[in-house]
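> Kindly generate the corresponding structure for this input.
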Amino acid sequence: MNKTTAPADIMPTLTANDIDGKSLDLTERQTELPWKMIVIYRGKHCPLCTKQLNALAKIKDDYTEAGIEIAAVSADSQEQLNGHLKDLEVNFPLYSGLTLEQMTDLGVYISEPRNKNETDHPFAEPAIFVLNEDNQIQITDKSNAPFSRPDLNALLSGIKFIRENDYPIRGTFAP
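Residues are numbered from 1 along each chain as shown. Here you go, the predicted model:
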């Protein structure tokens, strides 16, 4: 039985492949920044994901200035990720190869493709995990459809507030 991640949990190891096919743990920092935001996106087939990733790239420096490293991952294959790059203008690491088991363990919503033209594998619906300096899940946002995503500027503002005010992790009460 898989355990779904929850606020305040330590983020489990999340191994995926970078654009060169090298396997890395996304929870490990690639910079000196203390916090990390992992964006889970549906994949190359999703124009809303392309739009979100490109929008995030435009404000990446603001996230960096606030102490937050960014990475994005999907269940796409290496070939699909490389094909997606022509539509992306990102300046943060992208990863592929998110497995069904990983998606289940994270508790993200998973969908089957509508048809073979969409994609050839189950994929995660949009999700964001913001990890604090202890790799605890400080913020999580999971959607079951591509149309519901947090405003990236509002999210950044909230993260800044949390960091500046030692605001506790919310949503930890489980009935």
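
> now stretch 90-100: mean pLDDT?
The average of the pLDDT scores along stretch 90-100 is 97.

> elements contacting the lengthiest helix in the chain?
In terms of residue count, the longest helix belonging to the chain (DSSP state H) is helix 152-165. For helix 152-165, the contact count by 3 or more Cβ pairs under 8 Å, 6 or more residues apart in numbering; DSSP states H and E identifies strand 35-40, helix 47-58, strand 127-131, strand 137-142 as packing neighbours. To be clear about C-beta, it is placed using only N, CA and C from the backbone, and glycine gets the same treatment.

> how about stretch 58-71: buried residues?
Buried residues in stretch 58-71, defined by neighbour count with 16 or more other Cβ atoms under 10 Å: 60, 63, 67-71.

> Give me the subset of these lying in strands.
Counting by DSSP state E, these place 68-71 in strands.

> Which of the residues you listed sits closest to L33?
Each of these was scored against L33 by Cβ to Cβ, and E69 proved nearest at 4.3 Å.

> hang on, isn't I139 packed against A127?
No: here I139 does not reach A127: they are 10.9 Å apart, not a contact under Cβ atoms under 8 Å.

> between these two, which one's more packed in?
Of the pair I139 and A127, A127 is the one with more neighbours under other Cβ atoms under 10 Å, namely 23 against 20.

> just checking, that one touches S143?
Yes: judged on Cβ under 8 Å, A127 makes contact with S143 at a distance of 6.9 Å.

> overlap in contacts of these two?
With contacts defined as Cβ atoms under 8 Å, 6 or more residues apart in numbering, the residues adjacent to both A127 and S143 are Y109.
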